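Student: sequence-free structure coming up:
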């Protein structure tokens with residue numbers, strides 16, 4: 001009995017040493033979670049036996065528990081290195097089997113899918129044709145298709161027209177003053193001008209120019225040109241109140257619709273523009289444009305992409321635009337310790353772990369993502385070395401019990417001599 005009991009102790013100490021050895025070996029493995037050997041005594045009695053006089057039968061390994069605590073954050077500055085700050089695991093597709101991991105060192109395969117080092121595909125929410133997130137879990141893929149151009153339809157201007165400006169006038173021989181007729185080729189016929197690029201249906205750009213001519217103390221005339229085409233129907237009148245705020249354009253709203261014009265590039269569709277002057281003022285201050293914007297852009301080619309803290313993948317294009325390409329999701333379990341380890345720092349769900357709760361990073365109890373970083377192993381080398389000393393002492397002590405038992409057995413054998 002002594003030998004058997006001591007043997008269970010040696011086996012338990014060996015299992016603990018193996019567990020510690022595995023932890024130390026993986027101290028630099030991305031996303032690795034340390035394990036801990038848990039033991040229970042072996043104590044069996046019959047129904048008629050008295051527990052007060054029964055000796056235990058040794059020790060057994062009750063469980064090898066993995067500790068899913070947060071590892072250190074290792075910053076890499078690589079946009080496809082992802083780390084989870086808080087709860088949650090990445091969900092991977094392994095030929096139809098769902099795997100879960102905290103190791104976020106992803107890359108791209110030949111088809112643009114996000115994969116880990118084993119070739120398992122990262123899953124998340126896809127997008128529709130308009131770039132809207134669809135809450136349906138699918139394999140995430142980077143779309144390398146050129147971004148289609150968007151035709152300009154609106155120009156918004158935020159500016160101030162100097163109230164001290166004087167109208168450009170002509171004085172005839174009789175001393176009569178008349179407003180100079182606007183002439184785009186004559187800078188003396190207007191007070192200020194500004195411009196922006198607008199885009200046609202093919203993505204070709206043209207310059208849209210706006211010219212402002214002081215009319216009266218409370219009104220200005222505005223003229224719009226796209227290229228060499230006048231599109232403001234001979235000009236519009238901007239009317240201001242005594243506070244210098246815009247009242248209306250031509251007695252209507254604060255916008256005006258340009259006449260239809262044909263873009264200079266061949267094959268593009270005819271177009272018109274809506275000019276919004278709501279934020280134009282007439283204060284006693286120098287002329288200045290605070291902001292001029294329009295809603296069109298040229299065709300663009302994918303240059304790079306980023307992943308934000310909520311898991312949304314943004315593609316950045318050569319035309320300065322961005323496009324949503326998907327959203328990385330995270331999964332959490334009621335009992336992470338119940339997950340079954342399958343190697344390569346990946347786990348699968350079991351009945352004990354419960355079903356995964358999947359959602360966007362930052363929602364519910366899920367943590368957020370850190371792009372350009374990896375979660376390191378949660379192994380503490382110092383702690384493992386101390387635990388190794390304890391396991392070693394346990395092994396030596398149980399081996400000494402066997403040696404002592406052997407001595408006692410030899411003494412009994414010698415009695416017969």
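Tutor: Cool, got the structure. Small disclaimer: the values here were computed from a predicted structure and weren't measured.
Student: which helices and strands sit right next to the top strand by length along the chain?
Tutor: The residue-count maximum for a strand in the chain (DSSP state E) belongs to strand 205-216. Strand 205-216 sits against strand 192-199, strand 219-226, with contacts defined as 3 or more C-beta pairs under 8 Å, 6 or more residues apart in numbering; DSSP states H and E. In short, each C-beta sits where N, CA and C put it, glycine included.
Student: Identify each buried residue in the last one, please.
Tutor: When burial is assessed from 16 or more other C-beta atoms under 10 Å, strand 219-226 yields the following buried residues: 220-226.
Student: now the first one
Tutor: By 16+ other C-beta under 10 Å, the buried positions in strand 192-199 come out as 192-193, 196, 198-199.
Student: Which single one of those residues is nearest to residue 41?
Tutor: Closest to residue 41 out of the buried residues of strand 192-199 is residue 199 (78.1 Å), distances taken as C-beta to C-beta.
Student: Pull the contacting residues for that closest one.
Tutor: Neighbour list for residue 199: 149-152, 205-206, 294, 296-298 [criterion: C-beta atoms under 8 Å, 6 or more residues apart in numbering].
Student: 7 Å instead, please
Tutor: By C-beta atoms under 7 Å, 6 or more residues apart in numbering, the residues touching residue 199 are 149-152, 205, 296-298.
Student: for residue 171, same thing?
Tutor: residue 177.
Student: Relative to residue 181, how far out is it?
Tutor: Distance from residue 171 to residue 181, counting by C-beta to C-beta, to the nearest Å: 14 Å.
Student: go on, residue 357?
Tutor: Taken as C-beta to C-beta, the span from residue 357 to residue 181 is 72 Å.
Student: who's more crowded, these two?
Tutor: Per other C-beta atoms under 10 Å, whichever of residue 357 and residue 181 has more neighbours is residue 357, with 16 against 10.
Student: surely the more buried one meets residue 332?
Tutor: Yes: Residue 357 is within contact range of residue 332, at 5.0 Å (criterion: C-beta atoms under 7 Å).
Student: Now stretch 270-285: buried residues?
Tutor: Result for stretch 270-285 [16+ other C-beta under 10 Å]: buried residues 271, 273, 275-277, 280-282.
Student: now these in CSV, with secondary structure, distance to residue 73 and pLDDT?
Tutor: Below are the buried residues of stretch 270-285 laid out as CSV (DSSP: H, G, I helix; E, B strand; the rest coil; distance: C-beta to C-beta, whole Å; pLDDT from 0 to 100):
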residue, secondary structure, distance to residue 73, pLDDT
271, strand, 50, 94
273, coil, 49, 96
275, strand, 50, 96
276, strand, 46, 96
277, strand, 50, 95
280, strand, 49, 96
281, strand, 49, 96
282, coil, 54, 96
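Student: ok, so of the residues you listed, who is nearest residue 407?
Tutor: Nearest to residue 407 among the buried residues of stretch 270-285, with distances taken as C-beta to C-beta, is residue 276, at 100.1 Å.
Student: measure the spatially most central residue of the chain to residue 76 for me?
Tutor: The residue lying closest to the centre of the chain (C-alpha atoms, centre = their mean) is residue 308, at 2.4 Å. Between residue 308 and residue 76 the computed distance is 17 Å (C-beta to C-beta).
Student: what stretches of this structure score poorly on pLDDT?
Tutor: Low-confidence segments of the chain, defined by pLDDT under 70: 45-53, 416-417.
Student: from the chain's centre, how far out does stretch 321-336 sit?
Tutor: Put simply, stretch 321-336 sits 8 Å off its chain's centre (C-alpha atoms, centre = their mean, to the nearest Å).
Student: In contact with the nearest residue to residue 80 once chain neighbours are set aside: list those residues for me.
Tutor: What sits nearest to residue 80 in space, not counting adjacent residues and going by C-beta to C-beta, 6 or more residues apart in numbering, is residue 106, at 4.7 Å. With contacts defined as C-beta under 7 Å, 6+ apart, residue 106 is in contact with 80, 82, 114-116, 122.
Student: Residue 22: neighbour count?
Tutor: 15.
Student: For it, give me the backbone phi and psi.
Tutor: phi -70, psi -40 (degrees, to the nearest 10).
Student: Quick check: it vs residue 384, distance?
Tutor: 10 Å.
Student: Check residue 322 too.
Tutor: 45 Å.
Student: next one: residue 365
Tutor: Counting by C-beta to C-beta, the gap from residue 365 to residue 384 is 30 Å.
Student: more neighbours, the two?
Tutor: residue 384 (17 against 11).
Student: Could I get the buried residue list for the one helix or strand that one maps to?
Tutor: Using DSSP states H and E, residue 384 maps to helix 381-415. In terms of neighbour count (16+ other C-beta under 10 Å), helix 381-415 has its buried residues at 384, 387-388, 391, 394-395, 398, 401-402, 405.
Student: just to revisit the earlier point, just so I know, which of the helices and strands packed on strand 205-216 lies nearest residue 409?
Tutor: The closest of these to residue 409 is strand 192-199. By C-beta to C-beta, the value is 95.7 Å.
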